[in-house]
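> heads up, no residue letters with this:
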């Protein structure tokens with residue numbers, strides 16, 4: 001075999017290899033865009049973290065071996081993938097035409113040029129996939145706005161009592177509890193899961209809201225000022241609940257003051273005969289409640305109530321008290337409210353106690369994570385004094401400049417409570433190390449895959465162990481510890 005034949009053979013192998021890498025990388029970039037809801041601000045916040053930066057370098061390194069990341073199948077994802085194939089195909093031949101000037105001069109490099117051009121297409125994937133998603137966003141925007149407008153018309157025509165819920169934490173739990181309590185007297189529709197965007201709420205209105213519904217409870221989320229205002233324009237809430245304000249998503253809002261302004265948009269949107277309900281236990285929400293004069297104001301969590309309930313976590317007492325306040329306002333007898341509260345069962349999206357492997361207990365708070373909820377979950381973990389306690393968490397994303405301080409304080413508290421602390425990615429590893437200090441540093445472990453997890457926790461899993469899953473831990477974690 002001659003030198004040039006060997007070069008052609010190696011080029012062919014590399015051609016197949018690079019093509020495979022392009023497929024894997026394309027699916028990853030589609031996955032990450034979908035995960036961050038096709039928002040440039042959330043994508044930027046993700047890649048500012050240590051893990052995000054490593055992902056960029058890993059997926060731009062053509063010789064790295066990486067795990068598959070597959071987006072959830074949807075029409076948009078399928079079309080974006082097909083368009084990516086089409087665009088990369090045309091880019092490939094465009095660059096080949098450019099390289100032909102070089103190949104004419106050095107014809108022996110013909111086969112090698114095929115591979116080189118394919119590598120160039122690979123390196124451009126973040127830009128091409130990003131461009132495709134931005135084009136799709138622009139194309140779909142008129143359709144989204146039409147759906148939102150049609151949903152607004154439907155709400156106005158059916159005229160249910162709309163209750164809006166916003167805040168930095170406890171929105172979903174409060175929504176689920178309130179919906180069940182009000183169902184004692186009314187036909188209630190609640191936005192599903194954690195649906196809290198204008199398009200998600202609009203789809204719920206169009207597909208699920210009926211004239212038989214007396215009350216429509218809407219969870220309202222936001223990543224920037226003006227987004228809750230749009231949700232209020234869409235739904236027209238008469239009762240607004242502010243569950244509390246914290247540092248969550250400060251990296252997107254830019255400042256704590258902007259978070260306050262955004263959340264208060266719900267209260268500002270209420271009609272003069274509306275009702276604003278604030279969490280008294282949260283100092284920021286309490287302060288906003290005291291300066292609110294335009295509408296009637298009520299507070300919940302003001303008294304140290306002890307409700308008989310099956311729900312896990314001290315914070316649920318506060319969420320239940322919110323349902324009590326609104327239930328009484330809507331003329332539901334207290335005895336009916338308390339009876340319903342005693343029957344409440346944890347639902348998906350709420351803090352739950354589950355059975356783990358080899359008899360261990362799992363406290364599952366993996367639906368989401370915020371600073372206040374994390375602290376309360378640690379308090380719940382501390383109650384199991386006679387058991388070995390393990391905390392598994394990825395940390396809290398999108399905290400901005402306060403991230404290091406928050407994670408250091410969480411580590412300090414976790415160090416006093418947990419016997420073992422497992423981080424599932426390295427974004428906040430250094431912050432946890434600083435927070436734990438030398439005394440508790442041996443408790444901290446960083447795991448990136450199931451094999452690492454088994455090495456750390458397998459010997460600890462028995463009837464005398466309780467595990468707290470806090471925040472959106474990877475799927476392999478749940479598969480490893482839950483029955």
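Sure, I can see it. Model, not experiment: these values are computed from the prediction.
> C-alpha only now, for contacts and for neighbours.
OK.
> And the helices in the stretch 301-450 of the chain?
Assigned by DSSP state H, counting those that start in this stretch, the helices in the stretch 301-450 of the chain fall at 315-329, 334-343, 371-382, 403-417, 429-440, 450-457.
> And those: which comes nearest residue 114?
helix 450-457 (38.6 Å; C-alpha to C-alpha).
> any idea of the mean pLDDT in the closest one?
The average pLDDT for helix 450-457 rounds to 81.
> Break the protein into its domains for me.
Domain segmentation of the chain under automatic domain parsing yields 3-139, 159-343, 352-481.
> roughly how far is the longest one from the heart of the chain?
It refers to domain 159-343. Here domain 159-343 is found 19 Å from its chain centre; the criterion is C-alpha atoms, centre = their mean, to the nearest Å.
> what number of residues lie near residue 306?
Number of residues near residue 306 (other C-alpha atoms under 10 Å) recorded here: 11.
> related to what we said a few turns ago, compare the helices of the stretch 301-450 of the chain and say which comes out lowest on pLDDT.
Among the helices of the stretch 301-450 of the chain, helix 450-457 carries the lowest mean pLDDT (a mean of 81).
> Give the other helices and strands that that helix contacts.
With contacts defined as 3 or more C-alpha pairs under 8 Å, 6 or more residues apart in numbering; DSSP states H and E, helix 450-457 has these neighbours: helix 475-481.
> Who are the packing partners of the helix it packs on?
Using 3+ C-alpha pairs under 8 Å, 6+ apart: helix 475-481 touches helix 450-457.
> Go again with 6 Å.
In terms of contacts (3 or more C-alpha pairs under 6 Å, 6 or more residues apart in numbering; DSSP states H and E), helix 475-481 is packed against no helix or strand at all.
> and for it, what are the contacting residues?
Here helix 475-481 makes contact (C-alpha atoms under 6 Å, 6 or more residues apart in numbering) with 356, 357.
> Buried residues in that helix, which are they?
Residues of helix 475-481 classed as buried by neighbour count (16 or more other C-alpha atoms under 10 Å): 477, 480, 481.
> so which of the helices of the stretch 301-450 of the chain comes closest to residue 132?
helix 403-417 (31.9 Å).
> Identify all contacting residues around that closest one.
When contacts are defined by C-alpha under 6 Å, 6+ apart, helix 403-417 is touched by residues 382, 431, 432, 435, 436, 440.
> Just the pLDDT at residue 302, thanks.
87.
> quick one on the thing from earlier: and residue 146, which of the domains of the chain is closest to it?
domain 159-343 (9.9 Å).
> Next one: the residue nearest in space to the middle of the chain from residue 428, what distance?
For the chain, residue 368 is the residue whose C-alpha lies nearest the centre (C-alpha atoms, centre = their mean; 6.1 Å). Distance of residue 368 to residue 428, given as C-alpha to C-alpha, to the nearest Å: 16 Å.
> same check, this time on residue 233
For residue 233, the distance to residue 428 (C-alpha to C-alpha) stands at 38 Å.
> And the two? Which one has more around it.
Set side by side, residue 233 and residue 428 show more neighbours around residue 428, with 21 against 16, by other C-alpha under 10 Å.
> returning to what we had before: please convert the helices of the stretch 301-450 of the chain to a markdown table, extending it with mean neighbour count and distance to residue 244.
As requested, the helices of the stretch 301-450 of the chain are exported to a markdown table (neighbours: other C-alpha atoms under 10 Å; distance: least, C-alpha to C-alpha, whole Å):
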| stretch | mean neighbour count | distance to residue 244 |
| --- | --- | --- |
| helix 315-329 | 21 | 11 |
| helix 334-343 | 16 | 22 |
| helix 371-382 | 19 | 9 |
| helix 403-417 | 20 | 17 |
| helix 429-440 | 18 | 25 |
| helix 450-457 | 14 | 35 |
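> Lovely, talk soon.
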